[in-house]
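>>> sequence below, structure please.
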Amino acid sequence: MLILMGFRDSGMILALKYLGTIFFNLAFRILGGFFLGRYLDHRLQTEPLLSILLVLLGIFSSFYSLYKAVKKGAFDKPDSGADNRSGERGG
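Below you'll find the predicted structure:
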């Protein structure tokens, strides 16, 4: 299906996969914090305190998970063998 759309490069597909993951991670946590905060504010009569706090928590947690993913190297391309740490050259 993706080949029909013009995405023949596997690097492009991988980049789109990571961008989608980042987008949904940010959107889900921030919007989830907002809507949960609005609901709790309405139930507990604390408007807008919990909405603000949960949005800030969503922002912090989404950027922290993004930081962990980058630190872990989740966005690095696999080695092609040209830069092998064991000293052997890829052939």
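>>> spatially nearest residue to L49 (excluding sequence neighbours)?
Excluding the flanking residues, the one nearest L49 by Cβ to Cβ, 6 or more residues apart in numbering is D41, at 6.8 Å. No exception for glycine: its C-beta is placed from N, CA and C like everyone else's.
>>> check G58 too.
That would be G33: by Cβ to Cβ, 6+ apart, it lies 3.1 Å from G58.
>>> so which helix or strand takes in that neighbour?
When elements are assigned from DSSP states H and E, G33 belongs to helix 10-44.
>>> helix or strand next in line after that helix, which one?
Helices and strands here follow DSSP H and E; after helix 10-44, the next one along the chain is helix 49-72.
>>> in that following helix, what counts as buried?
Within helix 49-72, the residues that qualify as buried are L50, S51, L54, V55, L57, G58, S62, L66, counting by 16 or more other Cβ atoms under 10 Å.
>>> dump the residue contacts of the nearest residue to L31 once chain neighbours are set aside.
When the adjacent residues along the chain are set aside, L31 lies closest to G58, with 7.6 Å between them (Cβ to Cβ, 6+ apart). Taking Cβ atoms under 8 Å, 6 or more residues apart in numbering, we find G58 in contact with R29, I30, L31, G32, G33, F34.
>>> so which of those is the most crowded?
By neighbour count, taken as other Cβ atoms under 10 Å, the most surrounded of the contacts of G58 turns out to be G33 (23 neighbours).
>>> pLDDT weak spots in this structure?
Of all residues in the chain, those with pLDDT under 70 make up the ranges 1-7, 74-91.
>>> the same query, at a cut-off of 50, please.
With pLDDT under 50 as the threshold, the chain has low-confidence stretches at 91.
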